[in-house]
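[1] only geometry, no sequence info:
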């Protein structure tokens, strides 16, 4: 096998693409920065004290944000040409609750949708003196800019089958039909809220009777309260995915997943399958507690972005509903090769995240199992394959685990493990990726599913 074949990624068999001793002398190419590879802002939190976050997809070059404010008294919208720009964008109050009467209570979980050339906000409101008499309402604006309060008019209450506790409405279009998914307390069902779907006649009126698609029955859905709420829809890879949130709004809050075929009758209950386990939960090591009530957006290049709120502490004084520090956060959503989403863990603060794949095995990834390393094909445990290269003052870097941020890649002799110390490494950009030098003439190498150290370097692609 000649050197050109090696550099072109043409090696096959048990050993990954390798370079000879002195790999730093190989033809050097300009490496893409990690921030570009990750492709999603790492500002964390993106927006402080904004729960139930909703970020639109770009509309005429602008992203728009809305969410619950701690006072539960108003609707706000901010806009920016980038997701990161929303962090410092001026916030416009487009509506305040009345001083008394109907809609004078808690104002919760607004969502902003562009439907038929107009803007709509779905939100939940209680009444003055009865703040938990929550119902869903709809506002409409014919103006191009949803931040302008002058455009907004109240269309009224969105009426459902039962006049009961109703919140967290979201709308989406699929195969030429407009749908609404929402959370509601249904009479004669002994849970707080279940999720329902119906087709819409217009953005403020249901066309069909509701279909209940999930009710909280799993152990992780009924801690504190029996809750399925906060649905968010993502249509990809021939399927319709609905994420939702479950349990009380403390550290037990978490996310579940419903899946239907894109060709199925979405109004048929049997079309939907609930994943048996939560797909996004509290992660103590990154100090992110109670992640949930999410939405989805995309970067300009089409990368899917998970938007959610979480606290950065576990212990709450008093009712968690009135704790103000559920902050808006964003992170990259990944996809398994079978077309299903990979959420990982709430990643915490830090720089951009990468995954390492041997160049000749692009669907295999370096993964830690406990403190040991291996290389697996298409692992589902996303968080075990995520790392950050942390730069030191001398120009070297350490490789930090994302899900165990107190630990770093450490080399001892020919073995590689995670520990709290970390070995300085140097990345060398080459054709098809990078090599990772851990000492003079010594490099990370992948061989037969193991990650070792040798005088021949494996080329890794960063993804």
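    Received the coordinates, thanks. Keep in mind it's a predicted model, so treat the numbers as computed, not measured.

[2] Please name the nearest non-neighbouring residue to the residue most central in space within the chain.
    The centre of the chain sits closest to residue 306, judged by C-alpha atoms, centre = their mean, with a distance of 2.2 Å. Spatial nearest neighbour of residue 306, excluding adjacent residues (C-beta to C-beta, 6 or more residues apart in numbering): residue 333 at 4.6 Å. Glycine gets a C-beta too; all of them are placed from N, C-alpha and C.

[3] residues in contact with the one you found?
    296, 304, 305, 306, 341, 342, 343 (C-beta atoms under 8 Å, 6 or more residues apart in numbering).

[4] So which of those residues is surrounded by the most neighbours?
    residue 306 (26 neighbours; other C-beta atoms under 10 Å).

[5] Surely it is within a strand?
    Yes. With DSSP: H, G, I helix; E, B strand; the rest coil as the criterion, residue 306 is assigned to a strand.

[6] Quick one, grab the pLDDT at it.
    Listed pLDDT for residue 306 reads 98.

[7] Also residue 459?
    Looking at residue 459, the pLDDT reads 97.

[8] my read: it touches residue 435, true?
    Yes. Residue 459 lies in contact with residue 435 (C-beta atoms under 8 Å); the separation is 6.0 Å.

[9] And those two? Which one has more around it.
    Counted by other C-beta under 10 Å, residue 459 and residue 435 do not tie: residue 459 has more neighbours, with 28 against 24.

[10] Now do the top strand by length along the chain: which elements does it pack against?
    In the chain, assigned by DSSP state E, the strand with the most residues is strand 130-141. When contacts are defined as 3 or more C-beta pairs under 8 Å, 6 or more residues apart in numbering; DSSP states H and E, strand 130-141 packs onto strand 91-96, strand 118-127, strand 152-157, strand 166-174.

[11] please redo it, this time with the cut-off set to 7 Å
    In this structure, strand 130-141 makes packing contacts with strand 118-127, strand 152-157, strand 166-174, judged by 3 or more C-beta pairs under 7 Å, 6 or more residues apart in numbering; DSSP states H and E.

[12] Output the ones you listed as CSV; include the columns distance to residue 233 and mean pLDDT.
    Shown next, in CSV, are the helices and strands packed on strand 130-141 (distance: least, C-beta to C-beta, whole Å; pLDDT from 0 to 100):
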stretch, distance to residue 233, mean pLDDT
strand 118-127, 13, 98
strand 152-157, 21, 98
strand 166-174, 4, 98
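
[13] Kindly compare burial across those strands and name the winner.
    Across the helices and strands packed on strand 130-141, averaging neighbours per residue (mean count of other C-beta atoms under 10 Å) puts strand 118-127 on top, at a mean of 22.

[14] Residue 289 contacts residue 283, doesn't it?
    No. Checked against C-beta atoms under 7 Å, the pair residue 289 and residue 283 is beyond contact range at 8.2 Å.

[15] And the two? Which one has more around it.
    Using other C-beta under 10 Å as the criterion, residue 289 and residue 283 rank with residue 289 on top: 24 against 20.

[16] neighbouring contacts of the host helix or strand of residue 418?
    Assigned by DSSP states H and E, residue 418 falls within strand 415-419. Applying C-beta atoms under 7 Å, 6 or more residues apart in numbering, the external contacts of strand 415-419 come out as 368, 371-373, 401, 404, 407-410, 444, 451-453.

[17] Buried among the residues you listed? Need that as a selection in ChimeraX.
    Per 16 or more other C-beta atoms under 10 Å, the buried members of the contacts of strand 415-419 correspond to this ChimeraX selection:
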select :368,373,401,404,407,408,409,410,444,451,452,453
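
[18] a markdown table please, covering the contacts of strand 415-419 and showing pLDDT and distance to residue 213.
    As requested, those are exported to a markdown table (pLDDT from 0 to 100; distance: C-beta to C-beta, whole Å):
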| residue | pLDDT | distance to residue 213 |
| --- | --- | --- |
| 368 | 98 | 37 |
| 371 | 98 | 41 |
| 372 | 98 | 41 |
| 373 | 98 | 41 |
| 401 | 98 | 37 |
| 404 | 98 | 36 |
| 407 | 98 | 40 |
| 408 | 98 | 44 |
| 409 | 98 | 43 |
| 410 | 98 | 47 |
| 444 | 98 | 46 |
| 451 | 97 | 43 |
| 452 | 97 | 48 |
| 453 | 97 | 51 |
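
[19] Among the contacts of strand 415-419, name the ones in strands.
    Within these, residues falling in strands by DSSP E are 368, 372, 373, 401, 408, 409, 410, 444, 451, 452, 453.

[20] which one among these gets closest to residue 132?
    For the ones in strands among the contacts of strand 415-419, the minimum distance to residue 132 (C-beta to C-beta) is 42.5 Å, reached by residue 401.

[21] just checking, that closest one touches residue 420?
    No. Applying C-beta under 7 Å as the test, residue 401 and residue 420 come out as separate, 10.6 Å apart.

[22] list the residues that contact both of those two?
    With C-beta under 7 Å, 6+ apart, residue 401 and residue 420 have common neighbours residue 407.

[23] just to revisit the earlier point, possible to save the helices and strands packed on strand 130-141 as CSV with distance to residue 378?
    Formatted as CSV, the helices and strands packed on strand 130-141 follow (distance: least, C-beta to C-beta, whole Å):
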stretch, distance to residue 378
strand 118-127, 37
strand 152-157, 46
strand 166-174, 28
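
[24] Please work out which residues outside stretch 140-160 touch it.
    In contact with stretch 140-160 (C-beta under 7 Å, 6+ apart) are residues 64, 77, 79, 92-95, 112, 118-120, 135-139, 166, 169, 184, 204, 206, 210.

[25] how does it look with 6 Å?
    64, 77, 79, 92, 94-95, 118-120, 135-139, 166, 204 (C-beta atoms under 6 Å, 6 or more residues apart in numbering).

[26] Excluding chain neighbours, what is closest to residue 312?
    residue 287 (5.1 Å).

[27] number of nearby residues for that neighbour?
    16.

[28] rewinding a little: pick out whichever of the contacts of stretch 140-160 sits closest to residue 235.
    residue 120 (19.1 Å).
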